[in-house]
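Asks: got a predicted structure plus its sequence, pasted below:
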Amino acid sequence: MTMKIKDTIVIATEFSEDPGAREEADGINSGARFYQELLLPRFKKAIEEGYKLLIDLDGVFGYPSSFVSGSFGQLSMEYTPERVLQHLEFKSNRRPIRIDKIVFEIKHPETERI
Amino acid sequence: MGASFFVGLFVKNWPLLELEPKIGIADVISIFITIILAVSAPFFIKYFIDRYDKVNDVVYDEIEAYRSEVESVQERFVSIYQSQSISADNKLELIVWTEILDKKFESLVKIVETHCSSSTIEITQDIKKFQIRLWRLLTGSKITNPSYAKIDYDLFESGIEAYQGIQENITELVLKITKG
């Protein structure tokens, strides 16, 4: 059974147009802060209520790999890649390669700083 | 004398093949079409060859634009490595470069997907793998860590390997398109 999308996080408007690095200590708008404040709570709700959460990646200049690692990679390590990809869907009309990058990070989460 | 005999025999029996006195309109049209096709075929062939060459030129131009961007990123990366220090601005610069590279890559993929074969499209997927690898290295947690002050040899070598992977696949792409 395919799950419906019932919630959307637009990173540019709900978080920042300028995502930072991985940890809070690395600077502002870190992946860790995005994970704690937005991604994790909304993802948990999506799991509990059995729907998909759409992540809109447009409106942002670029995503450093460290930001993606500190957020989506972290989520993948917590919940397994399969579970994450079951409940997340991505949208990027302007730069579709961003979706590939994030899905790659979810499938191969960075366990140590590279 | 022998020759005049044969000429006389030939004239006597002329025409050896009788022509059909009634020619239908369909026959006339058929003859005209045949003549038009015979005359225009070389022009059509030339037109399609020229068109094919022009399409290939557009694809080659896009590949070269992408290759040039890859080389710019590589030069910048090597230069930062050689400087033995990496500033916050340098780190930001690498994020910007990888973003520009993504944009160029997507233009290339769009052109290849529209004008090239599926086996050629597969090569762009291989390029993408190396480009993601490069993005991970140049904007990863190690390099964006504020305490990371210079590009170490391991990171440098991994970066060069990723560039090499992209360059090899670009060459493969050009060869594939050239072979047709």
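Replies: Ah, there it is.
Asks: please, which helix or strand holds residue 100?
Replies: With no chain named, the answer covers chain A. For A:D100, the host element (DSSP states H and E) is helix A:97-107.
Asks: that's the wrong chain, I meant chain B
Replies: Going by DSSP H and E, B:I100 is in helix B:88-115.
Asks: can you pull up the most central residue in chain B?
Replies: Of all residues in chain B, the one closest to the mean position by C-alpha atoms, centre = their mean is B:V59, 4.0 Å from it.
Asks: check that residue and give its pLDDT.
Replies: Listed pLDDT for B:V59 reads 90.
Asks: do the same with the one 4 residues further on
Replies: Here, the pLDDT recorded for B:I63 equals 95.
Asks: measure the residue most central in space within chain A to B:I143 for me?
Replies: Closest to where the C-alpha atoms of chain A average out (C-alpha atoms, centre = their mean) is A:F72, at 4.1 Å. Distance of A:F72 to B:I143, computed by C-beta to C-beta, to the nearest Å: 18 Å. For the C-beta atoms, the positions are set from N, CA and C on the backbone; glycine is no exception.
Asks: do the same with A:S65
Replies: 9 Å.
Asks: then A:E110?
Replies: 12 Å.
Asks: pick out whichever of those two has more residues nearby.
Replies: B:I143 (26 against 21; other C-beta atoms under 10 Å in any protein chain shown).
Asks: contacting residues for that one?
Replies: Counting by C-beta atoms under 8 Å, 6 or more residues apart in numbering or on different chains, B:I143 makes contact with A:S66, B:I86, B:K91, B:L94, B:L137, B:I151, B:L155.
Asks: which element is the last one on?
Replies: When you say that, I think you mean B:L155. Per DSSP H and E: helix B:153-179 holds B:L155.
Asks: just the first one next, same as before
Replies: For A:S66, the enclosing helix or strand under DSSP H and E is helix A:65-68.
Asks: need the next SSE after the helix or strand bottoming out on mean pLDDT in chain B, C-terminal direction.
Replies: Using mean pLDDT, DSSP states H and E, helix B:2-12 stands out as the lowest-scoring helix or strand of chain B, at a mean of 74. Once the chain leaves helix B:2-12, the next helix or strand it forms, by DSSP H and E, is helix B:25-82.
Asks: now that following helix against helix B:88-115, angle please.
Replies: Compare the direction of helix B:25-82 with that of helix B:88-115 by axes from the mean of the first three to the mean of the last three C-alpha atoms, to 10 degrees and you get 160 degrees.
Asks: helix B:25-82 vs helix B:153-179, what angle?
Replies: Going by the same axes, to 10 degrees, helix B:25-82 makes 170 degrees with helix B:153-179.
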